[in-house]
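>>> I would like to see how this sequence folds:
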Amino acid sequence: MEALREFMTERGLTQADLAKMFKVSQATVSDYLAGRITPRKKRLLMISEKTGLSVDTLLKGPAH
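Just a heads-up that it's a prediction; the model follows:
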């Protein structure tokens, strides 16, 4: 999830910060960022809501 990584970097957030924000473990955030797992629909919608990133951007990455 390249867009999520960019969101984290731009705001100076850690994986632990995102874990608290998304109510998941830090290991889960690490798996999201590495592309090992994709959040389920409900969690993906919540991440979109909390970050302001569209679901499409979260899944496909930012347009460059």
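
>>> show me the shaky parts of this structure.
Across the chain, the ranges flagged by pLDDT under 70 are 64.

>>> try it again at 80.
Low-confidence segments of the chain, defined by pLDDT under 80, are located at 62-64.

>>> so where do the helices sit in it?
In the chain, helices defined by DSSP state H lie at 2-11, 15-22, 26-34, 41-51, 55-60, listed in chain order.

>>> turn those into a markdown table, including mean neighbour count.
From N, CA and C alone the C-beta is placed, and that goes for glycine too. Conversion of the helices of the chain to a markdown table gives the following (neighbours: other C-beta atoms under 10 Å):
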| stretch | mean neighbour count |
| --- | --- |
| helix 2-11 | 15 |
| helix 15-22 | 16 |
| helix 26-34 | 16 |
| helix 41-51 | 14 |
| helix 55-60 | 15 |
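
>>> not counting residues beside it along the chain, what's closest to Phe22?
For Phe22, ignoring the flanking residues on the chain, the nearest one in space by C-beta to C-beta, 6 or more residues apart in numbering is Ile47 at 5.7 Å.

>>> residues contacting that neighbour?
Contact partners of Ile47, counting by C-beta atoms under 8 Å, 6 or more residues apart in numbering, are 4, 22, 39, 53, 58.

>>> same deal with Gly35?
Counting by C-beta under 8 Å, 6+ apart, Gly35 has contacts Met1.

>>> same check, this time on Thr51
Contacts for Thr51 were tallied using C-beta under 8 Å, 6+ apart; they are 4, 7, 58.

>>> the same query, at a cut-off of 6 Å, please.
With C-beta atoms under 6 Å, 6 or more residues apart in numbering as the criterion, the residues that contact Thr51 are Phe7.

>>> and the residue nearest to Ser25 when sequence neighbours are not counted, how far from Ala63?
Closest residue to Ser25 in three dimensions, ignoring its sequence neighbours and counting by C-beta to C-beta, 6+ apart: Ala19, at 5.9 Å. Ala19 sits at a distance of 27 Å from Ala63 (criterion: C-beta to C-beta, to the nearest Å).
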